[in-house]
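In: structure, please.
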Amino acid sequence: MTGSQALRACALVFGLLCCFHSLAHESITTEARKNYLSKLQEAYQVQTANPSAPVKAKALYQIGATLEEIRDLFNQDIISHGAVKGLESTLLLNELSRAGFKMEMSAKIGLYVSQLHYYRDALKLNGKASYADHARYLLLKNHFYDSFSDNPLAPISQSREELNELLDIGERLLKVKENNINAEEVKFILAIHYLQAIQQQLISKDEGQKNFKKLLAELRKDYPQSLKPLTLEALSPAQ
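Out: Numbers count the residues shown, from 1 in each chain. Here you go, the predicted structure:
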């Protein structure tokens, strides 16, 4: 494990770099590998068969969500062992590449990154679908955790346009109450994006600090055992 990977593994414990699902995953079995490939191939065939926009959008979302689950498993291997381990996992990694679903690894963070274009494309085609808010959540969460190595206030690559988009998505998700959307995570990420927006002068310091303080106060109140407020305080010492 490299030093960068070790830092991220430690940060996971403190709630900063939690880029995995909250539920633990079992090792990939032969059945799981075949099921993943079958789901991806079925969704791919649907979205390439010139379907209606809503049908294509759902297929794109399903591809993104399936690859997300696989990515989490692979990254858990990397964090624990330094590489993807196990025969079935290795077979799946190779089969994904041959099927046109090659996993992309970031040289900066040493982990596989989310393929966000599937969510963006799905939302463009059908932004009011039943799964749309979950797609927005995955877009917000995974862009954030894939965007930096050690300091979330210094993203590796993030345009002003992307930051504006993420602020809009975060504010929208604050109003959503669904089991598959982690409200604590949304508030945490959005608070950091407001600090980024202040740094980049996308919004005034007063407006940014006001929104940041509101989110921090809500996290303290609603999640008294969470370490996320401590992380936010460390990132903004003046608070």
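In: and the next element down the chain from the helix or strand harbouring residue 33?
Out: Here residue 33 sits within helix 30-47, counting by DSSP states H and E. The first helix or strand that comes after helix 30-47 along the chain, using DSSP H and E, is helix 53-81.
In: could you give the angle of that following helix to helix 30-47?
Out: Calculated by axes from the mean of the first three to the mean of the last three Cα atoms, to 10 degrees, helix 53-81 forms an angle of 150 degrees with helix 30-47.
In: tell me who's in contact with the residue nearest to the spatial centre of the chain.
Out: The C-alpha lying nearest the average C-alpha coordinate of the chain belongs to residue 142 (Cα atoms, centre = their mean; 1.5 Å). The contact partners of residue 142, by Cβ atoms under 8 Å, 6 or more residues apart in numbering, come to 19, 68, 113, 114, 116. C-betas here are computed from N, CA, C, even on glycine.
In: in stretch 117-125, which residues are buried?
Out: In terms of neighbour count (16 or more other Cβ atoms under 10 Å), stretch 117-125 has its buried residues at 118, 119, 120, 121, 122, 123, 125.
In: let me have those in JSON lines, extended by pLDDT and distance to residue 235.
Out: As requested, the buried residues of stretch 117-125 are exported to JSON lines (pLDDT from 0 to 100; distance: Cβ to Cβ, whole Å):
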{"residue": "118", "pLDDT": "97", "distance to residue 235": "30"}
{"residue": "119", "pLDDT": "98", "distance to residue 235": "26"}
{"residue": "120", "pLDDT": "97", "distance to residue 235": "27"}
{"residue": "121", "pLDDT": "97", "distance to residue 235": "32"}
{"residue": "122", "pLDDT": "98", "distance to residue 235": "32"}
{"residue": "123", "pLDDT": "98", "distance to residue 235": "29"}
{"residue": "125", "pLDDT": "98", "distance to residue 235": "36"}
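In: using a markdown table, lay out these together with secondary structure.
Out: Listed next are those as a markdown table, based on DSSP: H, G, I helix; E, B strand; the rest coil:
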| residue | secondary structure |
| --- | --- |
| 118 | helix |
| 119 | helix |
| 120 | helix |
| 121 | helix |
| 122 | helix |
| 123 | helix |
| 125 | helix |
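In: closest to residue 84 among those residues?
Out: residue 118 (21.2 Å; Cβ to Cβ).
In: residue contacts, the nearest residue to the closest one once chain neighbours are set aside?
Out: Excluding the flanking residues, the one nearest residue 118 by Cβ to Cβ, 6 or more residues apart in numbering is residue 64, at 3.1 Å. By Cβ under 8 Å, 6+ apart, the contact set of residue 64 is 114, 115, 116, 118, 119, 122, 135, 138.
In: and the nearest residue to the first one once chain neighbours are set aside, which of the three is it?
Out: When the adjacent residues along the chain are set aside, residue 114 lies closest to residue 142, with 3.6 Å between them (Cβ to Cβ, 6+ apart). Each residue gets one of three states, and residue 142 gets helix by three-state DSSP.
In: measure residue 202 to residue 169 for me?
Out: Taking Cβ to Cβ, to the nearest Å as the criterion, residue 202 is separated from residue 169 by 15 Å.
In: which of the two has more neighbours?
Out: A count of neighbours by other Cβ atoms under 10 Å puts residue 169 above the other of residue 202 and residue 169, at 22 against 16.
In: pipe the contacts of residue 64 into CSV and attach distance to residue 222 per row.
Out: Output for the contacts of residue 64, formatted as CSV (distance: Cβ to Cβ, whole Å):
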residue, distance to residue 222
114, 26
115, 32
116, 28
118, 31
119, 26
122, 30
135, 24
138, 22
